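**Q** sequence first, predicted coordinates after that:
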Amino acid sequence: MENETRYLTFALTKGRLAKQTLELLEQVGITCEEMKDPDSRKLIFVNEERKLRFFLAKGPDVPTYVEYGAADIGVVGRDTILEEGRKIYEVLDLGFGKCRMCVCGPEQARALLNGQQQIRVATKYPNIAKDYFYNQRNQTVEIIKLNGSIELAPIVGLSEVIVDIVETGSTLRENGLTVLEEVCPLSARVVVNPVSMRMEQERISWLLGALNEQM
């Protein structure tokens, strides 16, 4: 690996996922000391020994960087992968950042999930919601895209139910809502650019194998 001249570039999701990813990489002997400097204003961080580059990006942008080859490898939540629908390979479940995508609402809304009537669904994830209701439940719904507190929508009558990420469910309970159905489990995933997978198969396969052994 040390003889390679081309840099492998990682796009990491800002925040907790990046921190946990770097901790996992350190366990397999890959470090990037530059990224530990809280005062650094650098955008690209480099490990010269292993010819690796790292940069931080917002979650929804990570699959875009990977699809277009600006990053060879990305680490991002599965919710983002499903919502963005980019042409990338999802190759490894890292096992952290676990949560669920769920249909939630007041208990009385459960009766509306029978496919017989059109309901309104508020969500930050319109593509995931549309796929679930149209292709899995065969129920016609009106999707309302929101960016803020999704739990507010059924409380004020904007929608009958919501599709959102649930970790502990405490926010739902505090607002009189509950999980009505689970759409899918979520966690942090490694994604790879298809061309990079072919061109750098040996290095990427080694990395994936090493990470897999740590989990």
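**A** That came in fine, so what should we check first? Keep in mind that what you see is a predicted model, and the values were worked out from it rather than measured.
**Q** can you give me the buried ones in the top strand by length along the chain?
**A** Assignment by DSSP state E gives strand 178-186 as the longest strand of the chain. By 16 or more other Cβ atoms under 10 Å, the buried positions in strand 178-186 come out as Thr178, Leu180, Glu181, Val183, Leu186. Quick note: C-beta positions are derived from backbone N, CA and C, even for glycine.
**Q** following that strand, which helix or strand comes up?
**A** strand 188-192 (DSSP states H and E).
**Q** contacts for the lowest-mean-pLDDT helix or strand in the chain next, please.
**A** Within the chain, no helix or strand scores below strand 45-47, which has a mean of 90 by mean pLDDT, DSSP states H and E. Outside strand 45-47, the residues that touch it by Cβ atoms under 8 Å, 6 or more residues apart in numbering are Tyr7, Ile30, Thr31, Cys32, Glu34, Met35, Leu52, Arg53, Phe54, Phe55.
**Q** my guess is the second one meets Leu52, correct?
**A** So that's Ile30. Yes - taking contacts as Cβ atoms under 8 Å, Ile30 lies within contact range of Leu52: 6.8 Å.
**Q** higher neighbour count, the two?
**A** Ranked by neighbour count (other Cβ atoms under 10 Å), Ile30 and Leu52 place Leu52 first, with 23 against 18.
**Q** related to what we said a few turns ago, make TSV out of the buried residues of strand 178-186 and add pLDDT.
**A** Shown next, in TSV, are those (pLDDT from 0 to 100):
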residue	pLDDT
Thr178	97
Leu180	97
Glu181	96
Val183	97
Leu186	97
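**Q** ok, and the closest non-adjacent residue to Ile30?
**A** Arg50 (6.3 Å; Cβ to Cβ, 6 or more residues apart in numbering).
**Q** and for Arg78?
**A** Leu186 (4.7 Å).
**Q** count the residues that sit near Leu43.
**A** 8.
**Q** element containing it?
**A** Per DSSP H and E: nothing holds Leu43, as it lies in no helix or strand.
**Q** low-confidence stretches in this protein?
**A** 1-5 (pLDDT under 70).
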